[in-house]
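Participant: what's the 3D shape of this:
(one chain, ligands or ions: 2)
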Amino acid sequence: MQNELRRLIDASRRIVFFTGAGISTESGIPDFRSPTGIWKTNKPIDFSDFIASAEARRETWRRKFATDPTIRAAKPNRGHRAVATLVRQGRARSVITQNIDGLHQQSGVAEDKVVELHGNTTYAACLDCSKRFEIDALKEPFERTGEAPVCDACLGHIKTATISFGQPMPQAAMRRAEAETLAADLFVVAGSSLVVYPAAAFPRLAKENGAKLVIVNNEATPLDRVADLVVNAAIGDVLGDVVGVN
Ligand code: NAD
Ligand code: ZN
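Facilitator: Ligands and ions are numbered 1, 2, ... in the order given. As a prediction, this is how the structure comes out:
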């Protein structure tokens with residue numbers, strides 16, 4: 001498996017990575033759908049509920065402040081470093097990620113080579129006027145009042161800069177992800193259950209467009225049967241060994 005992956009990487013010039021929560025579990029950030037994933041304890045809050053319900057907004061912010069220390073403490077792992085190495089070598093052209101933790105950027109992938117399909121949780125923004133807010137500045141008022149923050153410019157709801165279920169996808173990121181997918185000669189999925197759409201449409205598109213498709217994931221995915229290679233093992237070990245990073 002590992003040898004086959006190395007051969008595919010060596011034979012490719014335009015590798016595009018597609019990453020999900022699974023590449024960050026080795027950094028200590030739980031994923032959604034593993035047996036120990038967040039979903040076993042916290043059902044996701046739909047965007048329409050966030051808009052409609054003050055209690056849903058409070059619960060969203062309670063969860064955010066409860067999980068924030070974990071995200072802040074997380075450091076890139078071998079998987080992130082292997083991806084960053086291939087980008088730095090010019091072998092990989094970009095990383096399309098469903099992750100919101102910023103660890104690809106932290107591992108040294110240039111901002112303009114990371115396409116964030118589901119946004120970023122390290123800051124927040126007003127849903128109406130897009131004004132940016134820093135998480136730290138929102139924490140004390142939330143703890144004092146127990147109320148979800150509203151925008152001081154327009155009274156709109158403030159939400160982390162992430163895309164919830166039911167929320168429109170970021171159009172610029174979607175266009176870039178499509179262009180990168182169509183440019184790929186090798187498309188490597190790392191750590192995604194490939195059940196969240198539209199994100200999961202990109203691996204299929206890459207394959208239909210003639211790229212080789214590799215899936216590195218601990219468990220089976222719905223696209224395993226169309227992939228050229230499926231590796232069911234820990235991402236840090238697999239990519240770290242193949243690329244030769246610690
Ligand atoms: P998912 O939780 O649905 O799937 C993760 C997959 O990775 C699982 O199939 C699991 O078996 C596999 N996996 C976990 N650790 C692994 C490892 N070390 N090696 C190999 N495989 C491993 O995640 P998803 O497909 O990204 O979809 C969930 C959504 O949740 C995404 O849209 C994302 O925005 C969000 N999310 C992000 C983070 C983050 O930013 N780190 C964390 C949780 C959820
Ligand atoms: Zn506003």
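Participant: Could you list the residues of the chain in contact with ligand 1?
Facilitator: Within the chain, the positions near ligand 1 by Cβ under 6 Å from any ligand atom are 20-22, 24-26, 29, 31-34, 37, 98-101, 118, 191-193, 196, 217-219, 234-235. In short, each C-beta sits where N, CA and C put it, glycine included.
Participant: The residues you listed in helices, which ones?
Facilitator: Among the residues of the chain next to ligand 1, DSSP state H puts I235 in helices.
Participant: Buried ones among the residues of the chain next to ligand 1?
Facilitator: Buried members of these, counted by 16 or more other Cβ atoms under 10 Å: 20-22, 24-26, 29, 31-34, 37, 98-101, 118, 191-193, 196, 217, 234-235.
Participant: Just to check, S107 is in contact with L86?
Facilitator: No: using Cβ atoms under 8 Å, S107 is not in contact with L86; the gap is 11.4 Å.
Participant: Assign T121 to helix, strand or coil.
Facilitator: strand (DSSP: H, G, I helix; E, B strand; the rest coil).
Participant: ok, it - contacts?
Facilitator: Residues in contact with T121 (Cβ atoms under 8 Å, 6 or more residues apart in numbering) are K64, I71, I100, D101, G102, T160, A161, T162.
Participant: Not counting residues beside it along the chain, what's closest to the last one?
Facilitator: When you say that, I think you mean T162. Nearest non-adjacent residue to T162, counting by Cβ to Cβ, 6 or more residues apart in numbering: G119, 4.1 Å away.
Participant: now the first one
Facilitator: Take K64 and drop its neighbours on the chain: the residue closest to it by Cβ to Cβ, 6+ apart is T160, 5.9 Å away.
Participant: Number of residues surrounding that neighbour?
Facilitator: 22 (other Cβ atoms under 10 Å).
Participant: residues contacting the residue nearest the centre of the chain?
Facilitator: Geometric centre of the chain, nearest residue: N99, 1.5 Å, by Cα atoms, centre = their mean. Each residue near N99 by Cβ under 8 Å, 6+ apart is listed here: T19, G20, A21, I23, S24, E116, H118.
Participant: what about the nearest residue to the third one once chain neighbours are set aside, distance to ligand 2?
Facilitator: Going back to what we said before, that points to A21. Leaving out its chain neighbours, the residue that sits closest to A21 by Cβ to Cβ, 6+ apart is D31, at 3.5 Å. In this view, D31 and ligand 2 are 32 Å apart by Cβ to the ion, to the nearest Å.
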